[in-house]
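Trainee: no letters, just coordinates:
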C-alpha cells in the first residue's frame, strides 16, 4: 500500500533500514533517469540523504559506483540533508568536502525547522539552502513569522548560497520569491509529485535552459 514519506522515513531511520532504502533509490535514479539526464545535461536530480550518511560519507562510495560508466555527471546529482544531519559539524564538514570534491552539490533541506545556526552555515561547504514550506506559507500574511522568510533569503545571499523555496503553491508566493531573487522554487504551482514516466514527459515538455537547472 502507499505510505507517506513523513511516516515511513522516521521509522526507517529508527530501525536502521534507511541506508539500504537510500541505496535502492540511487540505483533507481540511475536506471530510470539516465536517458533524461544524458539528454538534458543542465538538469539535476536531488536525493535526500539521512543524517548517518552525512556523518560518515558512506553514500558517496555508493554514488560513485552507481554513476561509474553511466555517463551521468556528478554535478547532475544534488544531495539534500536536513539540519539534524549537521549537528556533528566536524564529521559533516569532512563528508561534504569530499562530496563537493567529487562534483556533487549539497543543499540544506527544510531550513528553519531544526538546528538552525549561522555558525554552521558559515563553516560547512554547502551550495544551497532550501527554505521550509512553513515559511513560504506565511508570504502575504500577517503572522508572527511572516517576516522571517525575507531574512532567511538575505542571509543565504550574504553567504553566497543558492536559495530554493519549498512548497510554492500560489502565484503570489512565486512573485514574492522572484522579487527577492530566490533562485529556484518547487511546489504544486509548478507540478505535483509525478511517477517516473510522467516526470520524464514533463521535463521534455519544459526543457531546462542552458546554464539553468530544474525548477520543478
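Mentor: Structure's in. What do you need? All values derive from a computational prediction rather than experimental measurement.

Trainee: which non-adjacent residue is nearest residue 111?
Mentor: residue 129 (5.1 Å; CB to CB, 6 or more residues apart in numbering). All C-beta spots, glycine's among them, are computed from the backbone N, C-alpha and C.

Trainee: distance check, residue 6 against residue 12.
Mentor: Residue 6 sits 12 Å away from residue 12, going by CB to CB, to the nearest Å.

Trainee: between these two, point out the one with more neighbours.
Mentor: residue 12 (17 against 7; other CB atoms under 10 Å).

Trainee: that's a strand at the more buried one, yeah?
Mentor: No. Counting by DSSP: H, G, I helix; E, B strand; the rest coil, residue 12 falls outside a strand, being helix.

Trainee: helix, strand, or coil at the residue nearest to residue 111?
Mentor: Secondary structure assignment for residue 129 (three-state DSSP): strand.

Trainee: hey, what's it bridged with?
Mentor: Residue 129 forms beta bridges with residue 108, residue 163, as assigned by DSSP bridges.

Trainee: center of this structure, which residue is that?
Mentor: Residue closest to the average C-alpha location in the chain (CA atoms, centre = their mean): residue 80, at 4.0 Å.

Trainee: what ranges do the strands span in the chain?
Mentor: Secondary structure of the chain by DSSP state E: the strands cover 45-48, 77-82, 105-111, 128-131, 162-165, 184-185.

Trainee: now those as JSON lines including mean pLDDT and distance to residue 2?
Mentor: Listed next are those as JSON lines, based on pLDDT from 0 to 100; distance: least, CB to CB, whole Å:
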{"stretch": "strand 45-48", "mean pLDDT": "94", "distance to residue 2": "18"}
{"stretch": "strand 77-82", "mean pLDDT": "92", "distance to residue 2": "22"}
{"stretch": "strand 105-111", "mean pLDDT": "90", "distance to residue 2": "22"}
{"stretch": "strand 128-131", "mean pLDDT": "94", "distance to residue 2": "25"}
{"stretch": "strand 162-165", "mean pLDDT": "96", "distance to residue 2": "26"}
{"stretch": "strand 184-185", "mean pLDDT": "94", "distance to residue 2": "26"}
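
Trainee: run through the residues that contact the residue lying closest to residue 183 once chain neighbours are set aside.
Mentor: Nearest-residue entry for residue 183: residue 162, 4.6 Å, with adjacent residues in sequence omitted and distances by CB to CB, 6+ apart. Residue 162 is in contact with 107, 127-129, 156, 183-184, counting by CB atoms under 8 Å, 6 or more residues apart in numbering.
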